[in-house]
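**Student:** Pasting the sequence and the predicted coordinates here, then a few questions.
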Amino acid sequence: MPRLTSGRRHTVRFTLNGRPVSGEAEPRMLLTDFLRHVIGATGTHVGCEHGVCGACTVRIDGALARSCLTLAVQAEGADVRTVEGLAGADDTLSPLQEAFRQNFGLQCGFCTPGILMSLDALLQETPDASEEEIREHLSGHLCRCTGYGPIVRAAVAAARSLREGSHA
Amino acid sequence: MKPAPFDYLKADSLSEAAEALAEAGEDGRVIAGGQSLMPMLNMRLAKPSLLVDIMGVDELGRIAEEKDTIRIGAGVRQAKLQAWDGLSRHLPLVAAALPWVGHAQTRSRGTVCGSVAHADPSAELPLVLTALKGGIVLRARRRTRTVSASDFFLGMMATDLKPGEMIESVSFPKAAPSTGYAFREIGRRHGDFAIVACAAVVDASEARLAVGGVADRPMVRTLPLPVSGDFDDALNEFAWALNARDDLHASARYRRELVRRLGRQSLEEAARCRA
Amino acid sequence: MVQARDAEGFLGRSIPRFEDAALLTGRGRYIDDLGAPPGTLHAAIVRSPHAHAELVSIDADAARALPGVAAVLTGEEIGALTRSMVVGVKAPVECWPIARDRVRYVGEPVAMVVATDRYVAEDAADLVDVRYRTLPAVVDVRAAVEPDAPVLHDGLGGNVISERSFRYGDPEAAFSEAPHTIGIDVTYPRNACTPIETYGVVAEYDPGEGTYDVLANFQGPFSIHAVVARSLGVAGNKLRLHTPRDSGGSFGIKQGVFPYMILVAAAARATGRPVKWVEDRLEHLTASVSATNRATRIEAAVEDDGTITALSWDQIEDCGAHLRAPEPATLYRMHGNMTGAYAIRNVAIHNRVVLTNKTPTGLNRGFGGPQVYFALERLVFEIARTLKLDPLDVIRRNLVPSGAFPYKTATGALLDSGDYPAALEVAVADGGLTELIARRDAARAEGRIYGIGMAAVVEPSVSNMGYITTVLTAEERARAGPKNGAQAVATIGLDPLGGVSVKVASVPQGQGHRTVLAQIVADELGLDPAAIRVTADVDTARDAWSIASGNYSSRFAPAVAGATKLAVDRLKEKLKRVAASQLNVQPDDVTFKGGKLVAKANPENAISFSRVAAASHWAPATLADGVDHTIQETVFWTPDELVAPTADDEVNSSLCHGFIFDYCGVEIDRDTGEVRIDRYVTMHDCGRILHPAMVDGQVTGGFVQALGAALYEEYAYAEDGSFLSGTLADYLIPTTMEVPDPVILHFESPSPFTPLGAKGVGEGNCMSTPVCIANAVADALGISDVTLPLTPSKISEHLYAPEPEPKEQPKPVADEGGRKLRGEGEAVVAAPRQKIWDMLLDPETLKAVVPGAHSVEKVSDTLFRADVTLGVGPVKGRYRAEIELSDLDPPEAVTLSGGAEGGLGFGRGTGRVTLTERGPNETLVAYTYEAEIGGKVASVGGRLLDGAARVVIGQFFQALARQAGGGGSGGGVMSRLKSLIGGGK
């Protein structure tokens, strides 16, 4: 691939929640800024820009990633998934989202998109995740409102509902 | 918190990456998983003029089983190693340490070699590499050299990596028969950098303890077996030799106390595993 | 758990929140999601790396020349466009949002760069060259009141900006009569409930009308609108302040965005373009507001049975470098509640407000409560320990008795309702205190370290806007005019299709206001809550609002929800009359049910709600006599009980008072000093519960923030004022793994003073939990001096036997002692002593030995300036360095002192070099040094960079030895020297 020079914008293309997107970015532009301000997908939030809070967590080619620690140009050609892609086509909440609503797993909602992306990945890979595994997985996220209890309960409920749904 | 400008090159091959880095010299940096480098770029603590992305280089993305060692390419993410089916058999110490490396959300991107290159004195992977007497393969253009872990880590984020060089791979010696391994760590919160981390290797003849989080690099020392009468004194000497300092999170004394406690516990556990 | 109390209606039930669908699908509308007008410029702020320094010069030419940069504004330019912000006490100080001639805390803005995007703005910020002359800093609050302390504001003559003494009852007599006087000294640390979303501001200026439009994720109180308008020099109606629909948490902190409203508005005016600024996390941790830290001496006069007859408070409050509005409110918010949950009639209070070289303070969840209760409840625990009583009995003996409500406290608060003894007994029984005590006894029998702590707390809510005037004397208050009340406002409107809209001047940051208000209105109007549209953000240009508007002091449920109830009641009465005339019944015979207005006597006789509701729009002539319209009702409500402070300084500082009784069991790991919360029980009486799940959400959220304050979180400063907690890897917010689920219990005593009987509930655990955990740790360890946060390292000091000394090596010199780096080393160099001496004074040699030197300039015989690049690993920065030689004793000894300053921070140090002749061509170079680093590097990388400074110092002496040795006995010297650097490694 050719060297992308600083101070100039280069076209970046990838798939966002199943649809092709493209935009212009300097090499240094963070994926968070690209998603939010170039593409207009503002569901992914910025909390710390040093990889600790987890609010910006997305999936890149299936793997969880802090989008604040990822350059937009690194996402070239990738399959990027964000919170905007979780709900069903007719905007019905996914079982995970619905569990958050039923269990009051969010208050201000700012950290929630990253947490949802993390749990979505966990429950796909480990549908029978225990509460302890869920807690450990969530330790990569900071929430300041809920005290975490309702989030853990929501995640446990979502796991149960996904398991039951898949057996049905 | 936005990075200063830099050029970006996504290398298609090892030679392309090595060539570009050699040309850039001090101003070039490898970017792999980005979990250590990106925060420093965002904070503008580091301002390289060129980033060479090696994640597109297939040959760097391999975990290779060799005769006595497991070779891990510079593009291997921590999560990939953690999921590798030979891990607990061949590298039980690494298996014990990996869950302590950051969080699932950072292990999914961060690479093993990236953590080694960053050389944070509290990081787990440099510690176990040192404890196991592993090696690092460094490449400058077409020349490679292998450095032992104990020679590679020079201090706080300082390594033997020369300008224009890159890490090509690290190699961990495979678990030896009748050798026991153990890993212990105390951090402030789950997933934090270690206040003290201990990696222990015990075989029939010797007990080796590596300590992270205290000195400016992982430090290793051979000690008498924990059952021996002179063990406590020897461990105490090691604890003092690490030259701990007070910081925001822990006093120097607390660190020494943890070295003595975790050091003993981890060596005892390693000795039990051996038996 | 709470049962739904209004089984018929929605209020009191935990219905899912209407806010959530948008927030769960990425459709939140936080400030940075709203887009900005075309042509918007983006700001970045240059901030001081020093805690205290004179601003010598700011050279922004290079920054202004960078393509894309529209302006660089310094204190001078901002000062020309604005006025000093109002200060809450009478004192000869100014308060600017940007440094004018002096910086007084690390992170204080010194210049604002405005450019086409944030990346370019940060590029330019790096190019702004600021020169400082550093001054001694004062960080410790007790040191700040000493006569020899460095003074921040020359006009004050010292650092005490306010001092008042108060006396209620007859404390002197009570102390002289009591058999025991028991006292305790405590300090409460700096921390902040820092939200995950940072500050954001977008501002525009219309020169034609002279108006500012400011969008900010501000939380209120809107009394701050007046502060901002006055600072911008415009009438109140020429400042439109509005807030986004969603805000990513606040917990008080987003009150502190207001100085940036002024800065960004001034930048918009200066550039003629809209300007946007979004704070980044480093800025937030370093320079947004935090809670005050406080040093308190508290004493009690105590009877043998534990009855407290008097309290004496001596509080020194640290508000940081400037007294920013509404400070010193943290200190006075609790003034009516200085006796907590206890009936104590005699109180003496001595309050001092002090300025130090730390970030200015502001609102923070709990607001004054954590500081007060940490002292009071630690004292109660100490009374029990001293008199060998059960702490629970001491609490019981002193609680405000059942049946005493409303109860007026000694300092003037009117405790609205409750039954503290009954709530306490329910908590003891239902929370399992007996079992917990058995667990403690069993653990101790096994040799484990286990303790139980308790705390009883009164949680005030709905602040009296006049309480802050308690800081003034009665005469000063009389001159200024009384201030009191807490205006809440709600508007309810009906649209032409009969839809119901509610608008309140609140700014929720996740508290579910829209859902609860929909529940209230739906119940009253017989509608589905999902049909009620609620807007809960503020636009001062269009909405009904007042100074108390906003979301703070837990005022939503008691005040804002209450005002909404009053508004819907008023509308309801009118709708009844409209319907009654059409149904041919009396208005009182009309009821609202299932989307209809129904005659009570005959359910068949009904008319649809939408039809009645639409009548005012489509057919006003058909309205019943005396009904003007039903289109919109706005109700302002302020409680009569919130009167101004009296001439005797009694103040009803808050309207509502919840009661909390907490207890917990903790176990301490003997090896590591880690604290594990075994069980935590928290009993709340917050009056009537409007939405049980949201109440519990407030409790758990507050509990975890308080757990952070107790065990993890601190905004730490070095002695020189360097800020040490600059990243979220250093400011430790608890994660799922550190947090237990508390047992939450409820007791409901509706408030007689609020329309719905509800009280605030959001802040209580921030008041009760830190001290409850501290008491448990004190119980576990048998200690009385407990300082937060209770880090394992701190706790371990009480656990370990004396440390074994090293036998084979010297104890390291650079071991303990704060952040100063100390070290020593020596090297034998193959060169004559005089030669080495000459080298030390020679710029060319210095250029060769100063690490990374590009140039060295000899300013005088003893002063050198250098331009250096220093780095460790990838962390590289360019610095200006100055080296001064002093105490010259040629050719034997010299002191080198110096400093380096650059974009990444600064370092300074002193070293003494002695040269000893070993032979004609051999010299022993020995050195000792002391150094410290500060600025950005210290804030974000203190963990890593202390060691780096040591490396740089080592490099200097290595190079000196190498240069002096001239390669003569190079290798040996080098390895010897290397082994000595840092001592003993």
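**Tutor:** Here it is on my side, so go on. Numbers count the residues shown, from 1 in each chain, chains lettered A, B, ... in the order given.
**Student:** Who are the contact partners of the residue in the stretch 551-700 of chain C that chain B sits nearest to?
**Tutor:** At 4.9 Å from chain B, C:D671 is the closest residue in the stretch 551-700 of chain C, using Cβ to the nearest Cβ. The way it works is simple: take the backbone N, C-alpha and C, and place the C-beta from them, glycine included. Contact analysis of C:D671 by Cβ atoms under 8 Å, 6 or more residues apart in numbering or on different chains lists B:261, B:265.
**Student:** try 7 Å
**Tutor:** C:D671 makes contact with B:R261, according to Cβ atoms under 7 Å, 6 or more residues apart in numbering or on different chains.
**Student:** got the residue ranges for the strands in chain A?
**Tutor:** A:10-16, A:19-25, A:57-60, A:63-66, A:79-81 (DSSP state E).
**Student:** Now the phi/psi pair for the residue of the stretch 551-700 of chain C closest to chain B, please.
**Tutor:** Main-chain torsions, C:D671, degrees, to the nearest 10: phi -80, psi -40.
**Student:** again with the one 4 residues further on
**Tutor:** Dihedral angles of C:V675 (phi, psi; degrees, to the nearest 10) stand at phi -100, psi 130.
**Student:** so it makes contact with C:V777?
**Tutor:** Yes. At 6.3 Å, C:V675 counts as touching C:V777 under the criterion of Cβ atoms under 7 Å.
**Student:** Please name the nearest non-neighbouring residue to B:L93.
**Tutor:** B:Y181 (4.0 Å; Cβ to Cβ, 6 or more residues apart in numbering or on different chains).
**Student:** Just list the residues touching the residue in chain A positioned nearest to chain C, thanks.
**Tutor:** The nearest approach of chain A to chain C comes at A:G43, 2.0 Å away (Cβ to the nearest Cβ). A:G43 is in contact with A:82-84, A:113, C:26-27, counting by Cβ under 7 Å, 6+ apart.
**Student:** go on, C:F367?
**Tutor:** Applying Cβ under 7 Å, 6+ apart to C:F367 gives the contacts C:252, C:330, C:333, C:763.
**Student:** Low-confidence regions, chain A specifically.
**Tutor:** A:166-168 (pLDDT under 70).
**Student:** For C:D640, grab the count of nearby residues.
**Tutor:** For C:D640, the neighbour count with other Cβ atoms under 10 Å in any protein chain shown is 9.
**Student:** Are we agreed that it is in a helix?
**Tutor:** No. Counting by DSSP: H, G, I helix; E, B strand; the rest coil, C:D640 is not part of a helix but coil.
**Student:** mind checking how far it is from B:C198?
**Tutor:** 66 Å (Cβ to Cβ, to the nearest Å).
**Student:** shaky segments in chain C?
**Tutor:** Chain C contains residues with pLDDT under 70 at C:1-7, C:812-820, C:941-951, C:957, C:964-985.
**Student:** To what extent is the closest residue to chain B within chain A buried, counted in neighbours?
**Tutor:** Chain B sits closest to A:G140 of chain A, with a gap of 3.1 Å, by Cβ to the nearest Cβ. Other residues near A:G140 come to 27 when the count uses other Cβ under 10 Å.
**Student:** Spatially, what comes nearest to it if we skip its sequence neighbours?
**Tutor:** B:H103 (3.1 Å).
**Student:** From A:L64, how far out is that neighbour?
**Tutor:** From B:H103 to A:L64 the distance is 9 Å (Cβ to Cβ).
**Student:** can you give me the helices in chain B?
**Tutor:** Using DSSP state H, the helices of chain B run over B:14-24, B:37-42, B:78-83, B:87-90, B:92-97, B:104-107, B:112-118, B:124-131, B:149-152, B:231-241, B:252-274.
**Student:** looking at those helices, which is closest to B:V214?
**Tutor:** helix B:252-274 (5.0 Å; Cβ to Cβ).
**Student:** Around chain A, pick out the residues from the stretch 101-250 of chain C.
**Tutor:** C:119, C:193, C:195-197, C:246-249 (Cβ under 7 Å from any Cβ of the partner chain).
**Student:** Turn the contacts of A:G43 into a markdown table, including distance to chain B and neighbour count.
**Tutor:** Listed next are those as a markdown table, based on distance: Cβ to the nearest Cβ, whole Å; neighbours: other Cβ atoms under 10 Å in any protein chain shown:
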| residue | distance to chain B | neighbour count |
| --- | --- | --- |
| A:T82 | 14 | 25 |
| A:V83 | 14 | 28 |
| A:E84 | 19 | 18 |
| A:P113 | 13 | 28 |
| C:G26 | 18 | 23 |
| C:R27 | 23 | 17 |
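**Student:** Nearest to B:A194 among those residues?
**Tutor:** A:P113 (30.2 Å).
**Student:** What number of residues are in the vicinity of whatever residue of chain B ends up closest to chain A?
**Tutor:** For chain B, the residue closest to chain A is B:H103, as judged by Cβ to the nearest Cβ, at 3.1 Å. When neighbours are defined as other Cβ under 10 Å, B:H103 has 27 of them.
**Student:** Contact partners for it?
**Tutor:** Neighbours of B:H103 in contact, by Cβ under 7 Å, 6+ apart: A:139-140, B:191.
**Student:** pLDDT at it, what is it?
**Tutor:** For B:H103, the model assigns a pLDDT of 96.
**Student:** Out of the strands of chain A, flag the one nearest C:F636.
**Tutor:** strand A:57-60 (44.0 Å).
**Student:** Say whether chain C is contacted by that closest one.
**Tutor:** No. Using Cβ under 7 Å from any Cβ, strand A:57-60 stays clear of chain C, with a minimum separation of 10.8 Å.
**Student:** quick one: the strands in the stretch 151-275 of chain B?
**Tutor:** Along the stretch 151-275 of chain B, counting by DSSP state E, counting those that start in this stretch, strands occupy B:153-155, B:158-159, B:166-173, B:180-187, B:194-202, B:207-212, B:219-223.
**Student:** Could I get the contacting residues of the residue of chain A closest to chain B?
**Tutor:** So A:G140 contacts A:54, A:118, B:103-106, B:191 (Cβ under 7 Å, 6+ apart).
**Student:** Which of the residues you listed sits closest to C:T211?
**Tutor:** The closest of the contacts of A:G140, once distances to C:T211 are taken by Cβ to Cβ, is A:G54, at 40.3 Å.
**Student:** my read: the residue nearest to B:L93 touches B:R272, true?
**Tutor:** No. If you go by Cβ under 7 Å, B:Y181 and B:R272 don't touch, sitting 10.8 Å apart.
**Student:** higher neighbour count, these two?
**Tutor:** It is B:Y181, of B:Y181 and B:R272, that has more neighbours when counted by other Cβ under 10 Å, with 27 against 11.
**Student:** Okay, and the beta partners of the more buried one?
**Tutor:** In this entry, B:Y181 is beta-bridged to B:V201, by DSSP bridges.
**Student:** on contacts alone, who are the packing partners of the top helix by length along chain A?
**Tutor:** Longest helix in chain A, counting residues (DSSP H): helix A:149-167. Counting contacts by 3 or more Cβ pairs under 7 Å, 6 or more residues apart in numbering or on different chains; DSSP states H and E, helix A:149-167 packs against helix A:95-102, helix A:112-125, helix A:131-138.
**Student:** which residues touch that helix?
**Tutor:** By Cβ under 7 Å, 6+ apart, the list of residues contacting helix A:149-167 reads A:95-96, A:99-100, A:102-105, A:115, A:119, A:123, A:127-129, A:131, A:134-135, A:138, A:143, C:697, C:700, C:736, C:741.
**Student:** if you set the cut-off to 6 Å instead, what comes out?
**Tutor:** Contact with helix A:149-167 is made by A:95-96, A:99-100, A:103-105, A:119, A:123, A:127, A:129, A:131, A:134, C:700, C:741, as judged by Cβ atoms under 6 Å, 6 or more residues apart in numbering or on different chains.
**Student:** Out of these, which end up buried?
**Tutor:** Neighbour-count burial (16 or more other Cβ atoms under 10 Å in any protein chain shown) applied to the contacts of helix A:149-167 gives A:95-96, A:99-100, A:103-105, A:119, A:123, A:129, A:134, C:700, C:741.
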